[in-house]
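Peer 1: no sequence for this one, just the structure:
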């Protein structure tokens, strides 16, 4: 397969052209013939004009790439190596939502041929590729794994907004349905990954490795969040404590914060779901999720307390929230816990204004029913800086004094500022 792809006798198809799929497709297109497929026709039209709808990939990256963008199922029949990079979210009840993944499997099954490969990159629970996706491929195509086609799993490792650790500079895990599949898949990915390939012994191991990467981080942050709640009651600055503890050689510095996005705040629920299916109810993972999901309410209630202490009525208070994307310097608002924080404040009848230089006003309105302002006013009772955008890092205390009224409150959720004015009530996680 690898040699045919390299000679451009065969083609790669990437299904799902979001934050993960588009960068992978463009990277493959440096060396192979690529079909970029997405069911969203309007997004495909933008990419055909060299525009990334997610605003992560610059227009120049599209130049000179051997790629065709399409939403036409028939175009996929020309491909022999399928890469699935569709979203794997959770629903309102924190249950894995496999509809995009199942849909992609049905789509590929309709065009699957003898000798083809199907590789999944979407984050799932261990066993999903072989137990949920494979039967669909076989049923739709009438083919059999091993005899007619091969599958693999290679978990995505893209870090949105990171211009240093780009896709080609992040070690890639690969796995295959048999030894031959593993070698062929490793060679294909090895063509685009400069730092190396790790060959997992089984597909389930590769799936598990991905899901625990983010579960581990989620748990570490949840510990810091719980400590922040405790230290806040003690009147101790959590960041000062972490810096002091960090002087010991084996202390790992994690910081408290809002855990959102499409990875860390979602992936642990996939592991929880699978564990419960097997009759085990994970205690530590569930506790970490409960703490992190509860942080927006904690921060909102803390601000209400501070407003009351300053003799400010929450119902008459005007608060500015700076940043609604799930992390700094990206436009991605999926699973933003800042939206939860805003809605918590609004439940106390607080008048909340929102600004963000990266977020799309239309997407924020569609996803959360919230309105982005073009720019702040200058009469706020409190300001919450919730995302560490570069534009916000450049600000100082004097800026916040200019946009707030008397007895101002600044909540610095990312710990970016040093309070240099005793007239401002400064608080950070």
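Peer 2: Nice, I can see it. None of these values were measured; they are calculated from a predicted model.
Peer 1: Name the SS class of residue 405, please.
Peer 2: Of the three states, residue 405 takes strand under DSSP: H, G, I helix; E, B strand; the rest coil.
Peer 1: Enumerate every residue touching it.
Peer 2: 379-381 (Cβ atoms under 8 Å, 6 or more residues apart in numbering). Yep, even glycine has a C-beta here, placed from its N, CA and C like the rest.
Peer 1: Would you quantify the distance from residue 20 to residue 56?
Peer 2: 10 Å (Cβ to Cβ, to the nearest Å).
Peer 1: And for residue 164?
Peer 2: Noted for residue 164: a distance of 14 Å to residue 56, by Cβ to Cβ.
Peer 1: For the spatially most central residue of the chain, give me the pLDDT.
Peer 2: Closest residue to the average C-alpha location of the chain: residue 262 at 3.3 Å, with Cα atoms, centre = their mean. Looking at residue 262, its pLDDT stands at 80.
Peer 1: Leaving out the residues flanking it, which one is nearest to it?
Peer 2: residue 334 (4.8 Å; Cβ to Cβ, 6 or more residues apart in numbering).
Peer 1: How is that neighbour assigned, secondary-structure-wise?
Peer 2: Assignment for residue 334 (three-state DSSP): coil.
Peer 1: Report the buried residues of stretch 354-361.
Peer 2: By neighbour count on 16 or more other Cβ atoms under 10 Å, the buried set for stretch 354-361 is 354-360.
Peer 1: swap that for stretch 207-218, sorry
Peer 2: Going by neighbour count (16+ other Cβ under 10 Å), the buried part of stretch 207-218 is 207-215, 217-218.
Peer 1: Could you single out the nearest of those residues to residue 38?
Peer 2: Closest approach between these and residue 38, by Cβ to Cβ: residue 210, at 22.2 Å.
Peer 1: close enough to count as contact, that closest one and residue 173?
Peer 2: Yes - using Cβ atoms under 8 Å, residue 210 makes contact with residue 173 at a distance of 7.3 Å.
Peer 1: Surely residue 352 touches residue 346?
Peer 2: Yes - Residue 352 is within contact range of residue 346, at 5.8 Å (criterion: Cβ under 8 Å).
Peer 1: what pairs with the residue nearest to residue 25 when sequence neighbours are not counted across the strands?
Peer 2: Spatially, and ignoring its direct neighbours in sequence, residue 25 is nearest to residue 14 (3.9 Å; Cβ to Cβ, 6+ apart). Using DSSP bridges, the beta-bridge partners of residue 14 come out as residue 36, residue 83.
Peer 1: show me what contacts residue 14?
Peer 2: Residues near residue 14 by Cβ under 8 Å, 6+ apart: 21-22, 24-25, 28, 34-37, 83, 85.
Peer 1: circling back: could I have the buried ones of the contacts of residue 405 as PyMOL selection syntax?
Peer 2: Restricted to buried positions by 16+ other Cβ under 10 Å, the PyMOL selection for those reads:
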select buried, resi 380+381
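Peer 1: As TSV, the contacts of residue 405 with pLDDT and secondary structure would be great.
Peer 2: TSV is the format used below for these (pLDDT from 0 to 100; DSSP: H, G, I helix; E, B strand; the rest coil):
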residue	pLDDT	secondary structure
379	94	coil
380	97	strand
381	97	strand
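Peer 1: and of the contacts of residue 405, the nearest to residue 397?
Peer 2: residue 380 (14.2 Å).
Peer 1: pretty sure that closest one contacts residue 312?
Peer 2: No - contact between residue 380 and residue 312 fails when scored by Cβ under 8 Å: they sit 10.9 Å apart.
Peer 1: In the chain, where is pLDDT below threshold?
Peer 2: Filtered on pLDDT under 70, the chain yields no residues whatsoever.
Peer 1: pretty sure residue 337 contacts residue 296?
Peer 2: Yes - the pair residue 337 / residue 296 is scored as a contact, 5.3 Å apart, by Cβ under 8 Å.
Peer 1: Are there residues contacting both of these two? Which ones?
Peer 2: Counting by Cβ under 8 Å, 6+ apart, the contacts common to residue 337 and residue 296 are residue 258.
Peer 1: number of nearby residues for residue 133?
Peer 2: By the criterion of other Cβ atoms under 10 Å, residue 133 has 25 neighbours.
Peer 1: Before I go, just wanted to say thanks for your time.
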